[in-house]
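Q: Fold the following and give me the result.
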Amino acid sequence: VQDMVDRAVFKLTGKDDVVQAWRSIVSTQDVVGLKVYCAPGPTSGTRPAVVSAVVRGLLTAGVPPHNIIIWDKQLADLRQAGFDELAQRYDVRVAGSADSGYDEKSFYDNTLPGELVFGDYEFDRNKKKTGRKSYVSKLLTGGMTRIITITPLLNHNLAGVTGHLYSLATGSVDNVSRFESQAARLATAVPEIYALPALSDHVALNITDALIGQYEGENLPSLHYSTALNQIWMSKDPVALD
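A: Now for the predicted structure:
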């Protein structure tokens, strides 16, 4: 997997040196957030081996360990998928966007109201218990300068694919369950949330973990609905990969 990731970043950047390749994507001064999708676990979600290869590349390029954050929406999912252990191995950080709180000044406004749940920014502030705003996590607005999305090749029953647009958009804000019931709602909300400056302006690279492609089952690990592709896809264009 390390060789595959190295070859991919060489082909993408046109460099033949690991240090120069990664430094053409991020700088040693950046705080780099590696956005994974780990709710399905380490088999069908983003695989730790791929993230490990990216972390080693960044460290080799001179990015300080404390400037690398492996993150997803729920810290509990990260730990269950094995990313806590990976973070300890390389002395990098691991964080949940929902666990980090939300920024009242950065949000997505949609006319569709959603029932607020515990953990949403407005849950204890809105007497109606419904809200039309989805607030961006402080994890993104609090100093993260570059984002690298690393998503599995995994189907989504309404969005089509649990890809880079869906993963980053729904993993960065609260009050998103209001969009999850209809494909048309997701088709509108996901690209609009992704386009928020706090998200899309900081995306440096998109990596599809296509070691295994699961075409049915969504967040449930279903290897009998999977095929082994043994591939890594990289692009600066998330739409092309999705």
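
Q: Confirm for me that V173 is in contact with D109.
A: No - if you go by Cβ atoms under 8 Å, V173 and D109 don't touch, sitting 11.1 Å apart. C-betas here are computed from N, CA, C, even on glycine.

Q: The longest strand along the chain: how far from the chain's middle?
A: The single longest strand within the chain, with elements called by DSSP state E, is strand 102-115. Remark: strand 102-115 is offset 20 Å from the chain centroid, using Cα atoms, centre = their mean, to the nearest Å.

Q: Which strands border it, and is each parallel or antiparallel?
A: strand 130-137 (antiparallel) (DSSP bridges).

Q: Buried ones in the strand it pairs with, by neighbour count?
A: 131, 133-137 (16 or more other Cβ atoms under 10 Å).

Q: hey, C-alpha coordinates of that strand in PDB?
A: Output in PDB follows, covering the C-alpha atoms of strand 130-137 (Å, rounded to 0.1, in the frame of the first residue of the first chain):
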ATOM      1  CA  THR A 130     -35.900  22.500  14.800                       C
ATOM      2  CA  GLY A 131     -33.300  24.400  12.800                       C
ATOM      3  CA  ARG A 132     -32.600  25.400   9.300                       C
ATOM      4  CA  LYS A 133     -28.800  26.000   9.800                       C
ATOM      5  CA  SER A 134     -26.000  23.500   9.800                       C
ATOM      6  CA  TYR A 135     -23.000  24.800  11.700                       C
ATOM      7  CA  VAL A 136     -19.400  24.000  10.700                       C
ATOM      8  CA  SER A 137     -17.200  22.200  13.300                       C
END
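
Q: Quick one: mean pLDDT for that strand?
A: For strand 130-137, mean pLDDT is 95.

Q: after that strand, next one along is what?
A: Next helix or strand after strand 130-137 toward the C-terminus (DSSP states H and E): helix 138-141.

Q: And the residue lying farthest from the centre of the chain, what's its pLDDT?
A: Each residue of the chain has a distance to the centre, and by Cα atoms, centre = their mean the biggest one is for K127: 31.8 Å. The model reports K127 with a pLDDT of 76.

Q: What are the buried residues along stretch 98-106?
A: 98, 100, 102-103, 106.

Q: quick one, phi/psi of the most centrally placed residue in the chain?
A: Residue closest to the average C-alpha location in the chain (Cα atoms, centre = their mean): K35, at 2.9 Å. Note on K35: its backbone torsions stand at phi -80, psi 110 [degrees, to the nearest 10].

Q: same question, K11
A: phi -70, psi -40.

Q: give the contact list for it.
A: M234 (Cβ atoms under 8 Å, 6 or more residues apart in numbering).

Q: Assign R125 to helix, strand or coil.
A: Three-state assignment for R125 (DSSP: H, G, I helix; E, B strand; the rest coil): coil.
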